[in-house]
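**Q** this one's structure only:
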């Protein structure tokens, strides 16, 4: 899991190019071309986001199996402890796939 110095540099540079590309889309002046590119990007991202979230979940599950604390994982990923717990449980989004609280539990 740990990177040695220099390892992953090319990947980090490629990720930076992706962010630079997204910034370039936002600054495009041709509205129609910008909208077309945004549509293409959003179509692609639907499936890609699922794969990326699953990869992140596998990493969180691996770290938890190694007894890494929620706090350490959260700090490492730059997210909240609650988000790490949600990732571990397989929850995503705004809570739409979380189990509903029972009426008895909410009445307490």
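**A** Perfect, I can see it now. This is a predicted model, so every value here is computed, not measured. Numbers count the residues shown, from 1 in each chain.
**Q** tell me where this structure is predicted with low confidence.
**A** Counting by pLDDT under 70, the chain has low-confidence residues at 1-7, 93-108.
**Q** next one: the residue most central in space within the chain from residue 17, what distance?
**A** By Cα atoms, centre = their mean, the mean C-alpha position of the chain lies nearest to residue 53, the distance being 5.3 Å. Applying Cβ to Cβ, to the nearest Å, the value for residue 53 to residue 17 is 22 Å. Heads up, the C-betas are built off the backbone N, CA and C, glycines and all.
**Q** also residue 8?
**A** Residue 8 is 14 Å from residue 17, by Cβ to Cβ.
**Q** over to residue 69?
**A** Taking Cβ to Cβ, one finds residue 69 at 34 Å from residue 17.
**Q** what helices and strands are in contact with the helix or strand harbouring residue 11?
**A** Under the criterion of DSSP states H and E, residue 11 resides in helix 9-26. Applying 3 or more Cβ pairs under 8 Å, 6 or more residues apart in numbering; DSSP states H and E, we find helix 9-26 packed against helix 31-65.
**Q** can you pull the buried residues of the helix it packs on?
**A** Buried positions in helix 31-65, judged by neighbour count with 16 or more other Cβ atoms under 10 Å: 57, 60, 63, 64.
**Q** list the contacts for the first one?
**A** Taking Cβ atoms under 8 Å, 6 or more residues apart in numbering as the definition of contact, the neighbours of residue 57 are 87, 88, 90.
**Q** neighbours of the last one, how many?
**A** Just to be clear, that refers to residue 90. The local packing of residue 90 (other Cβ atoms under 10 Å) involves 12 other residues.
**Q** ok, now the second one?
**A** By other Cβ under 10 Å, the residues close to residue 88 number 15.
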